[in-house]
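Peer 1: sharing a model prediction with you, sequence too.
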Amino acid sequence: QMQLVESGGGLVQAGGSLRLSCAVSGRPISMYAMGWFRQTPGKEREIVAAISWDGGSKYYADYVKGRFTISRDNAENTVYLRMYSLKPEDTAVYYCAAHGVYNIAAQWNYWGQGTQVTVSS
């Protein structure tokens, strides 16, 4: 079984930055594509960014492109999401996820419990 634990969320002013971490245990993440998603009340969960098993391919949703950066450290079994120029509309619960195939549209297999990010105006 694979466990994902997000951290690094919090309250930040608009224009600020945060770094989210996703620490994984149970399986080596080098076998998995990793992704970050977010969800706000009343809305469906949406993808934010994804990264292939070796970091060679990355995907960013249009609404975060140029502001967020996804990275991974397979040796540390950790995935990161660096968020810059945060906007109030980035407020959400952010989830880390893993999947055996780098496919943005796939049903991701493993999920963390989420970390709250709140951006004040």
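Peer 2: It's in.
Peer 1: show me what the residue nearest the centre of the chain bridges to in the sheet.
Peer 2: The residue lying closest to the centre of the chain (CA atoms, centre = their mean) is Trp36, at 2.3 Å. Beta-bridge partners recorded for Trp36 (DSSP bridges): Ala49, Cys96.
Peer 1: got a list of what the nearest residue to Ala106 once chain neighbours are set aside touches?
Peer 2: Of all residues beyond its chain neighbours, the one nearest Ala106 is His99 (5.5 Å), with distances taken as CB to CB, 6 or more residues apart in numbering. For glycine as for every other residue, the C-beta is placed from the backbone atoms N, C-alpha and C. By CB atoms under 8 Å, 6 or more residues apart in numbering, His99 lies in contact with Tyr32, Ala33, Met34, Gly35, Ala106, Gln107, Trp108, Asn109, Tyr110.
Peer 1: count the neighbours of the fourth one for me.
Peer 2: Number of residues near Gly35 (other CB atoms under 10 Å) recorded here: 25.
Peer 1: kindly report the same for Lys87.
Peer 2: Using other CB under 10 Å, Lys87 is surrounded by 14 other residues.
Peer 1: may I have the phi/psi pair for it?
Peer 2: Note on Lys87: backbone dihedrals following degrees, to the nearest 10 are phi -120, psi 160.
Peer 1: make 5 the starting number, not 1.
Peer 2: That works, and once the first residue is 5, the last one we named lands at Lys91.
Peer 1: doesn't Val123 make contact with it?
Peer 2: Yes - between Lys91 and Val123 there is a contact at 6.1 Å, judged by CB atoms under 8 Å.
Peer 1: quick check: neighbours shared by these two?
Peer 2: By CB under 8 Å, 6+ apart, the residues touching both Lys91 and Val123 are Ala18.
Peer 1: hmm, back to that, tell me the pLDDT of the residue nearest to the centre of the chain.
Peer 2: pLDDT for Trp40: 98.
Peer 1: residues contacting it?
Peer 2: Applying CB under 8 Å, 6+ apart to Trp40 gives the contacts 24, 26, 51-54, 74, 83, 85, 98-101.
Peer 1: out of those, which is most surrounded?
Peer 2: Val83 (30 neighbours).
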